[in-house]
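In: Have a look at this prediction, sequence included:
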Amino acid sequence: MVFSSTTFLFLFLPAVIFFYWLPDVCSKIKQLFYKKSLDNQDQNMAVVQPTANSQQPTANSQQPTANATSSFNSVLTDGNNIKEDASPHSGEAVTKVTEGADVEDIGNNNSRPTKQPFRKYKNLVLLAFSILFYAWGEPIFVLVMILSIIANYAFGRFIDKYRNKDKVFLWIAVVFNLGILFIFKYLCFTLQNIGWLINKDFSSIKIALPIGISFFTFQAMSYVIDVYKKKVEVQKNLFSLGLYISLFPQLIAGPIVRYETIAREIENRNENYDDFAEGTIRFIQGLAKKVIIANQVALVADAAFETPINELSTAFAWLGAIAYTLQIYFDFSGYSDMAIGLGRMFGFHFLENFNYPYMASSITDFWRRWHISLSSWFRDYVYFPLGGSRVDTKSRCCGQLFL
């Protein structure tokens, strides 16, 4: 079992937010104390006047204060540097530490994203909590996801190094990922059908299905394929790739996030208060879709489907069908909204996954609007490589019809 809603909302998520934002908060507090100490120092120097210049015009006595203010302003406007300026009050050098000054930029959407000093720490926090999130529900199968991370990291490095020589590492990567997906998701189904054909019972073979295996497998495959096509640069940091594959907001129920979408944001994203607030609102909206709408109409749909056919009226059958239609939409789109909102809270910008599919004008338009990340993934990594709508052989035509 994955986290219950109560555990996730009141224990797991607050813990992630606390440890993720802790360095920024500490840095902000340190800046406030530093500013206060400088203000007190400036006030004390403004009161004390040199004895030799006691009869001089007051303009000269204001110069130290002006210099101190100018020096302090330089501290606030300096990026993430540590520099030494001459003290306005003595001949000694004063070191101005502005670590964490990036926090000043939080809340300003127009600020240019820069690599922040706490980036490695924050990525490790997200990676650790993502692994914990998956291990909580899948204490054994978390090893499968870790194996997938390590293997695809190696595949990416080999593909990038030997790209011009052969496609062998690309094919190995594809077979490896599809093999994992087949073993856990389709092997039992295949054996049951083979057993039905040869009159043999394979029902004793049971393989549990890891949660979210399709999502992190598809993401890993898109990464290695895009590296081969030179659409993205190979990721040379194992932990950064692990964060991409295991990122907990979209790990269980999608959407499928392509590496090119968040490649830059893994190492260089700009968290700010506006994004955090908007992400929180989006998360609440998704949670409301799931709990208030999807779960409630599911009761009507379940009641209709459990009613014996000879007792089911036409009106109740239609009501059940409409309720089920609403259930699956608000269920999937609710999870997508929660994932997009959580990602936004930590500086990631995922693409939209649903675009009012029930307002589509045709079946084709419907699939452009429904679970966009999944349909576009199959289009770009399966349908187009097999020729798309332009096929020149019967085998490819049959393959396209099957897909």
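Out: Arrived safely. Numbering: from 1, shown residues only.

In: isn't there a strand covering Phe239?
Out: No - checked against DSSP: H, G, I helix; E, B strand; the rest coil, Phe239 lies outside a strand; its state is helix.

In: Test my guess that it contacts Val125.
Out: No - Phe239 is not in contact with Val125 according to C-beta atoms under 8 Å; the separation is 11.3 Å. Every residue, glycine included, has its C-beta placed from N, CA and C.

In: In terms of packing, which of the two has more residues around it?
Out: Between Phe239 and Val125, Val125 has the larger neighbour count (other C-beta atoms under 10 Å), namely 22 against 16.

In: average pLDDT across the one helix or strand that one maps to?
Out: Taking DSSP states H and E as the criterion, Val125 maps to helix 119-137. Mean pLDDT, helix 119-137: 93.

In: which stretches of the protein have low pLDDT?
Out: Residues of the chain that meet the criterion pLDDT under 70 lie in 1-3, 47-116, 388-403.

In: Grab the nearest non-local neighbour of Cys188.
Out: Once flanking residues are discounted, Cys188 sits nearest to Ile207: 5.5 Å by C-beta to C-beta, 6 or more residues apart in numbering.

In: sec struct for that neighbour, please.
Out: What three-state DSSP gives for Ile207 is coil.

In: Buried ones in the longest helix along the chain, by neighbour count?
Out: Longest helix in the chain, counting residues (DSSP state H): helix 13-47. By neighbour count on 16 or more other C-beta atoms under 10 Å, the buried set for helix 13-47 is 13, 16-17, 19-21, 23-24, 27-28, 31, 34, 38, 42, 45.

In: Count the neighbours of Leu312 for me.
Out: Look at Leu312: counted by other C-beta under 10 Å, it has 14 neighbours.

In: wait, isn't it in contact with Ala304?
Out: Yes - using C-beta under 8 Å, Leu312 is in contact with Ala304, at 7.1 Å.

In: Domain map for the protein?
Out: Using automatic domain parsing, the domain parsing of the chain gives 5-105, 114-270.

In: Tell me which of these sits most buried.
Out: Among the domains of the chain, domain 114-270 has the highest mean neighbour count (mean count of other C-beta atoms under 10 Å), at a mean of 17.

In: So what's the gap between that one and the chain middle?
Out: On the basis of C-alpha atoms, centre = their mean, to the nearest Å, domain 114-270 sits 14 Å off its chain's mean C-alpha point.

In: next one: stretch 334-349
Out: Centre-to-centre, stretch 334-349 and its host chain are 7 Å apart (C-alpha atoms, centre = their mean).

In: Also stretch 283-303?
Out: Stretch 283-303 sits 24 Å away from the centroid of its parent chain (C-alpha atoms, centre = their mean).

In: buried stuff in it?
Out: For stretch 283-303, by 16+ other C-beta under 10 Å, it's Phe283, Gln285, Gly286, Leu287, Lys289, Lys290, Ile293, Ala294, Val297, Ala298, Val300, Ala301.

In: Give me the phi and psi angles of Tyr356.
Out: The phi and psi values for Tyr356, taken as degrees, to the nearest 10, are phi 50, psi 60.

In: before we move on, back to that, helices or strands next to the longest helix of the chain in the packing?
Out: With contacts defined as 3 or more C-beta pairs under 8 Å, 6 or more residues apart in numbering; DSSP states H and E, the packing partners of helix 13-47 are helix 63-77, helix 119-137.

In: List of residues touching stretch 369-377?
Out: With contact meaning C-beta atoms under 8 Å, 6 or more residues apart in numbering, stretch 369-377 is reached by 218, 222, 254-258, 332, 351-357, 359-360, 367-368.
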